[in-house]
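[1] Give the three-dimensional model of this entry:
(chains A and B)
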Amino acid sequence: MAELSVKHLLGIKYLNEADIDLIFETADHFKEVINRSIKKVPSLRDITIANIFFENSTRTKLSFELAEKRLSADVINFSAGQSSVKKGETLIDTVNNILSMKVDMVVMRHPNPGAGIFLSKHVNASIVNAGDGAHEHPTQALLDSYSIREKLGDVAGKKVVIVGDILHSRVALSNIFALKLQGAEVKVCGPHTLIPKYIETLGVTVENDLRKALNWCDVANMLRIQNERMEISYFPTTREYTQQYGLNKKILDSLDKEIVVMHPGPINRGVEITSDVADSKQSIILNQVENGVAIRMAVIYLLASKIK
Amino acid sequence: MNLLLKSAKIIAPSNSQLHLKKRDILIRNGKIAQIAASIEADKSVKLIDFKNLHVSAGWFDSSVSFGEPGYEERETIDNGLRTAGKSGFTDVVLNPNTMPVPDSSSDIVFLRNQAKGRATALHPLGTLTVKGQGSDLAELFDMRNSGAVGFYDYKQAISNSNLLKIALLYARNFDGLVHSFPRDNQIAGNGIANEGKIATSLGLKGVPALAEALQVARDLYILEYTGGKLHIPTLSTPQAVQLVQEAKKKGLDVSCSVPIHNLLFTDEKLLEFDSEYKTNPPLRTASDARSLVKAVEKGIIDLVTTDHSPLNIEEKRVEFEQAGYGTIGLETAFGSLQRLFSLETTIELLTRGRDRYGIDKVEISEGEEAKLTLFDPDREFTFSEEQILSASKNSMFLGEKMKGYVYGVIANGKTELKKKKDGR
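    Take a look at the predicted model:
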């Protein structure tokens, strides 16, 4: 049986094209499973997974937990603000304590870039990165690409624009790596203050005019404005941001072609996109959510098969 | 202490009579008694006949941190000075990053007392401001009189321009050397890595070269206004170096240093989020490192420093963002520099800079105090953990190829030589 080239899923940049194909093929199978009346398979009855979240998350955590349960894994959840770690226990100790209870796999979200990579070097478990600071969010990028593939048949050759706060976004970074790896063209769009100065070194182009970017693309991935990650104001008001970078029905309908609209959630309705766009037939936002479970099942299943 | 160095090749680029000559050197009571082609020793003299023995004037480092008082778990003054000696250094300038920081005459006296009796001499810096808090000037004159060789709020940028102006003006009265850390805090923000391709791909907040250049430009404008002596420690960008070069052309009394690891390593080392490579200033690009090496060769950068910063494992074995800054570097200074420069240049770099701090110069000649570094410049090896002499093991040089091995020093009437347990 084909297997992944990696023991952990720490970031898209550590995967190759064959890994992504394998994850997608496996996800195809699991997507069929979760649409059955009995949505569960017994594949991972002997696997215990800890979801360790050092940062708030609702949908990612739910999606992982559901994926794990649909694979019949035993699941434990650990949530801690970073503050509790600051009380003294190191990350390595926290995780080793949990692993002593015979846990096989750790799904971790952490506010610091590289936390998953650091952990993978110091503990004996398979690590899935569920978001590490502004570094990567690999399962999100996988489910985004999977959703594009589902909608447009293929990712290769497609033009994708990522709009919004590129500076603070792990979703943007992982998407750039995933899309480039699969042969898509990628553009980022947003105010100069939210575009990293050296972003073009990653092989993407920059466009500051939303309309031009949308006219160019096949797919627009509208990112959420992450006010919680901004230590200072990168634009004067949300209102002014929306004036320049908000996607509304009027712009969407004025484009030369029908583009696909995505959003990693949670949506700030009326900020990045208006309700009528979010709920339009061009939007695949809810498909993304559904595919998220299938993709996470695939990732966990494939990594677990390497443990055995 | 009577010693005889047998067939030691002398490396003294500024002394044409002795440079590259193989000589016996007799040391009596801490002084060089005789230098000759061959000296017969009586029984009271201890022979030193190490393999491929070379000798130069004792080495100097302008930026070294230990931990005493307050952070003895990082390094004590005693073991720190032993480490410095066994690494070839006979004089080190100690950064004021202890707890509490040395901001008064009695603190300086304490540091000097703790350092007594070792071969390597300790030259403490005092803080520039009270408690190093960046608001009011500390008693600079009093500290100078007790032996402080300069003033520095360790790696804290002087945000208040007027404070720097006043410090430079005030220190002129007694020729005090003011240090200003080259970083604009507002521009640098929470940055922890060089702003560039690598930090972008790793999602790490970047410190742009602009943050360094901007602060240096400001400092130099102020220096031009005030006069006085300014030292800019640990530069990392060619942009800032160029500003210093232009200021020197104008005749300003400014000097600067660069950490050896910024000459040798680049931000590509961060790809695995290894906190051993987390430093302040950060490792920059390959092109930056090349420019810095050139600037050292041309003498635009006055000093190279190890910026030796011992940190206990608890401060490094954590997530990259939460890890402490810095690497130890004394043990690897010689072996690293020789990867970049010729032996003569390396020795020249390791022996210059004392005058900037008002420390007595060192010469190899009969009648002078013996302040010598003993080494084998040709021995190549890979640096490994058992060769770390520091109390802390945070070295980014582990696994690196070294060219040149240090036996130790003779200074202050004492020897500090590596023993078997030091991985000799």
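[2] List the buried residues of stretch B:312-328.
    Residues of stretch B:312-328 classed as buried: B:312, B:315-328 (neighbour count, 16 or more other CB atoms under 10 Å in any protein chain shown). (Each C-beta comes from the backbone N, C-alpha and C, glycine too.)
[3] Narrow those to those in strands?
    Assigned to strands by DSSP state E, none of the buried residues of stretch B:312-328 qualify.
[4] Quick one: name the residues of the stretch 51-200 of chain A near chain B.
    A:90-92, A:110-115, A:117-118, A:121-122, A:132-136, A:170, A:173, A:196-199 (CB under 8 Å from any CB of the partner chain).
[5] Next step: these restricted to helices.
    Within these, residues falling in helices by DSSP state H are A:91-92, A:115, A:117-118, A:121-122, A:170, A:173.
[6] Just the buried ones from those?
    Buried, going by 16+ other CB under 10 Å: A:91-92, A:115, A:117-118, A:170, A:173, out of those.
[7] State the number of residues packed around A:K249.
    15 (other CB atoms under 10 Å in any protein chain shown).
[8] which SS class is B:H231?
    strand (DSSP: H, G, I helix; E, B strand; the rest coil).
[9] quick one: it from chain A, how far?
    30 Å (CB to the nearest CB, to the nearest Å).
[10] Show me where the stretch 101-250 of chain A has its helices.
    Remark: helices assigned in the stretch 101-250 of chain A by DSSP state H, counting those that start in this stretch are A:115-122, A:138-152, A:170-181, A:210-216, A:238-245, A:249-254.
[11] now do the stretch 301-424 of chain B
    Ranges of helices in the stretch 301-424 of chain B, per DSSP H, counting those that start in this stretch, are B:313-316, B:333-340, B:343-351.
[12] Return the distance of the shortest one from the chain's centre.
    When C-alpha coordinates are averaged (CA atoms, centre = their mean, to the nearest Å), helix B:313-316 and its chain have centres 22 Å apart.
[13] Quick check: mean pLDDT of it?
    For helix B:313-316, mean pLDDT rounds to 95.
[14] Quick one: low-confidence residue ranges for chain A.
    Within chain A, the segments meeting pLDDT under 70 span A:81-87, A:228-232, A:308.
[15] same deal with chain B?
    B:423-424.
[16] Alongside chain A, which residues does it contribute?
    Applying CB under 8 Å from any CB, we find that chain B lies next to chain A at B:189-190, B:195-197, B:199-206, B:208, B:272-273, B:275, B:314, B:317-322.
[17] Give the buried subset of the residues you listed as a ChimeraX selection command.
    Here is the ChimeraX command that selects the buried residues among the residues of chain B next to chain A (16+ other CB under 10 Å):
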select /B:195,196,197,199,200,201,202,203,204,205,206,208,273,275,317,318,319,320,321,322
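[18] hmm, back to that, just give me the closest of the ones in helices among the residues of the stretch 51-200 of chain A next to chain B to B:R354.
    Nearest to B:R354 among those, counting by CB to CB, is A:F118 at 41.4 Å.
[19] now B:S38: how far from B:K6?
    As judged by CB to CB, to the nearest Å, B:S38 and B:K6 stand 9 Å apart.
[20] what about those two, which has more around it?
    Per other CB under 10 Å, whichever of B:S38 and B:K6 has more neighbours is B:K6, with 16 against 9.
[21] Could I get the buried residue list for the host helix or strand of A:I20?
    Assigned by DSSP states H and E, A:I20 belongs to helix A:17-34. For helix A:17-34, burial by neighbour count (16+ other CB under 10 Å) applies to A:19-20, A:22-24, A:26-27, A:30-31, A:33-34.
[22] do the same with stretch A:179-187
    Within stretch A:179-187, the residues scored as buried using 16+ other CB under 10 Å are A:179-182, A:184-187.
[23] what's it in contact with?
    A:12, A:15-17, A:20, A:141, A:145, A:148, A:155-162, A:175-176, A:202-207, A:213, A:216-217 (CB atoms under 8 Å, 6 or more residues apart in numbering or on different chains).
[24] Is there a quick PyMOL command that grabs whichever of those are buried?
    Buried subset of the contacts of stretch A:179-187, written as a PyMOL selection, criterion 16+ other CB under 10 Å:
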select buried, chain A and resi 12+15+20+141+145+148+155+158+159+160+161+162+175+176+202+204+207+213+216+217
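[25] what comes up buried for the longest helix seen in chain B?
    Using DSSP H, we find that the single longest helix of chain B is helix B:209-226. Neighbour counts using 16+ other CB under 10 Å place B:209-220, B:222-223, B:226 of helix B:209-226 among the buried residues.
[26] How far does that helix sit from its chain's centre?
    Distance of helix B:209-226 from its chain centroid, counting by CA atoms, centre = their mean, is 23 Å.
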